[in-house]
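Peer 1: Model the structure of this input:
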Amino acid sequence: MSGKFITFEGGEGSGKTTVAKMIEEALNQDGYQVLLTREPGGVKIAEEIRNIIVDEKNSCIDPKTEALLFAASRRQHLIEKVKPVLDHGGIVICDRFIDSSLVYQGIGRNLGIDKVYQMNLFATEGIMPDKTFFFNIKPEIALKRLKTDESREVNRLDLESLEFHQKVYEGYCLIAQRYKDRIVSIDASGSIKEVFKTIYQQIKLEL
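Peer 2: Numbering: from 1, shown residues only. Okay, the predicted model is just below:
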């Protein structure tokens, strides 16, 4: 790969999806060719798997089944959409990637970070982001944001308990330390414009 693979991570309501769109627009205006995509989803098969994962009716999904579905969606999305752009030297900004599985399934579902990581290595063949931005914001603050955003889809993970979201947040803090050479922790409690400016400046240094 010769391109740049940048991922945005964080809990529900952290603002990463909004900022990702702003970053894409700004980079395009600066003359860069950018692919903005998301996980789970991004391509037809992966989106169909996403529909199973996020459906509120599927509350009975076993944790290992959930982890495997995420990995399957990731594989299809990576091979069909992300890797071709990277191989041609392009820039990919992805809203969530492997770190989400490490945190949501590895810690949130108690499957273990290392087990989920090994599962995903099979799916990704070792492909990892060049840089990851963790939107660091306490879950109780982020979840309040969700209640005021009527345009956002409500999915099964949004309906988890505050205790679950707290575990997810603590998980992100943990992996941000474990992979500190790759993951940059960004204070996401400020305004969207402030967060955008901070991340945009750091991305430009990477390009």
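
Peer 1: List phi and psi for Asp187.
Peer 2: Backbone torsions of Asp187, given as degrees, to the nearest 10, read phi -70, psi 110.

Peer 1: Check whether it really touches Asn136, as I assumed.
Peer 2: Yes. At 5.8 Å, Asp187 and Asn136 qualify as touching, with contact defined as CB atoms under 8 Å. Bear in mind the C-beta positions are built from the backbone N, C-alpha and C, glycine included.

Peer 1: Now do the closest residue to Ile137 other than its chain neighbours against Ala176, distance only.
Peer 2: Distance criterion CB to CB, 6 or more residues apart in numbering; nearest residue to Ile137, sequence neighbours excluded, is Ala188 at 4.1 Å. In this view, Ala188 and Ala176 are 12 Å apart by CB to CB, to the nearest Å.

Peer 1: And the helices in this protein?
Peer 2: With DSSP state H, the ranges of helices along the chain come out as 16-29, 44-54, 63-77, 83-87, 98-103, 113-124, 139-148, 162-178, 192-206.

Peer 1: Of these, which is nearest Ile6?
Peer 2: helix 192-206 (6.4 Å; CB to CB).

Peer 1: What residues sit buried inside the closest one?
Peer 2: Val195, Phe196, Thr198, Ile199, Ile203 (16 or more other CB atoms under 10 Å).

Peer 1: can you list the residues you listed in TSV and add pLDDT and distance to Arg75?
Peer 2: Formatted as TSV, the buried residues of helix 192-206 follow (pLDDT from 0 to 100; distance: CB to CB, whole Å):
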residue	pLDDT	distance to Arg75
Val195	97	30
Phe196	98	31
Thr198	97	32
Ile199	98	27
Ile203	96	26
